[in-house]
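Engineer: Got a predicted structure plus its sequence, pasted below:
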Amino acid sequence: MSGSNTPRVALVTGASRSVGKGIALALGSAGWTVYVTARGEVGSGGPLDETARLVTERGGRGIAVQVDHRDDAQIQGLFARIAKEQDGRLDLLVNNVWAGPSDGYAGFSQPFWKRPIDDWDQLIGIGLRAHYVASVEAAKLMVERGSGVMANISSFGTRGHLHSVLYGMSKAGLDKMAADMAVELKGTGVTAVSLWPGLVKNEAMLARGRDDFEGFPLANAETPEFIGRVVVALTDDPEVGDRSGHTLITAEVALDYGVTDIEGNQPDSHRAIFGGGPLF
């Protein structure tokens, strides 16, 4: 996918912080044009503007777009804008936008029967449905051009209980979505994958000032940009289509491509801790 002199075009949803921001920055370092979305206002110097600025500073082109991913029309409008501005080109979609329970992480401390039913609207509505809507729109552009990668940011919560019932349901849905989309995308040149990062050393984790989280040491946790480096390596692989439909562990894919984290370390795979065995 890297043979053209024209900058490749990506959309990273939910890119104002953490994993989305790290992926956008890694793409910027590789010279991509990167559309980044979040609900926050654009043009105010907020977090999403900062992500776009850093993408450009690194040698790419960052374009911040305010999108509420609960609204199908806003998602569709985003893709219409990309199609218009980039002559129908979209090389990569990273489905990353996410929202926790309405009362924050406290919503993960209670069993499902004590939780309000409208947790569904956040964890499934944004954590799964919005990704499906974006994938539908991305596929329309990518299939037309005969190339592209769609990557879902999923989780080991597919394999074992993590956070909550609805969290696990949404992530398992993303893995199955990639697997089944790959069946229908066969022969189009478009690849669909799902990615499982390990423990992520993001802004929230660092702010806690702890050495570990739930027994996992932060010292060798993945930075958000490490996940971005893995995404870049996947898009640079001319044989990436062989992975279509697969769920991939970022730490293991990094070994395949010789990708290291920003400090030169090699984050560990959590596959064995979550029961081992094959993935989709």
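Structural biologist: Great, that's in hand. Numbers count the residues shown, from 1 in each chain.
Engineer: hey, let's count contacts and neighbours off CA atoms from now on
Structural biologist: Fine.
Engineer: does the nearest residue to residue 243 once chain neighbours are set aside belong to a helix or a strand, and which?
Structural biologist: Of all residues not flanking residue 243 in the chain, residue 193 sits nearest, at 7.0 Å (Cα to Cα, 6 or more residues apart in numbering). Taking DSSP states H and E as the definition, residue 193 sits inside strand 190-196.
Engineer: Walk me through which strands that strand pairs with, and which way each runs.
Structural biologist: Applying DSSP bridges, strand 190-196 is found paired with strand 148-153 (parallel), strand 247-249 (parallel).
Engineer: most neighbours per residue, which of those strands?
Structural biologist: Burial of the strands paired with strand 190-196 is given as mean neighbour count (mean count of other Cα atoms under 10 Å); strand 148-153 ranks first at a mean of 26.
Engineer: Distance from the chain centre to it, please.
Structural biologist: 7 Å (Cα atoms, centre = their mean, to the nearest Å).
Engineer: What is the subsequent helix or strand relative to it?
Structural biologist: Where DSSP H and E defines the elements, the next helix or strand beyond strand 148-153 is helix 165-185.
Engineer: for that following helix, packing partners?
Structural biologist: Under the contact criterion of 3 or more Cα pairs under 8 Å, 6 or more residues apart in numbering; DSSP states H and E, helix 165-185 touches helix 119-123, strand 148-153, strand 190-196, strand 247-249.
Engineer: Export the ones you listed to TSV and append columns for mean pLDDT and distance to residue 277.
Structural biologist: As requested, the helices and strands packed on helix 165-185 are exported to TSV (pLDDT from 0 to 100; distance: least, Cα to Cα, whole Å):
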stretch	mean pLDDT	distance to residue 277
helix 119-123	94	26
strand 148-153	98	20
strand 190-196	98	14
strand 247-249	98	12
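Engineer: Which one, of these, ends up nearest to residue 22?
Structural biologist: Distance to residue 22, taken as Cα to Cα, is lowest for strand 148-153 among those, at 12.4 Å.
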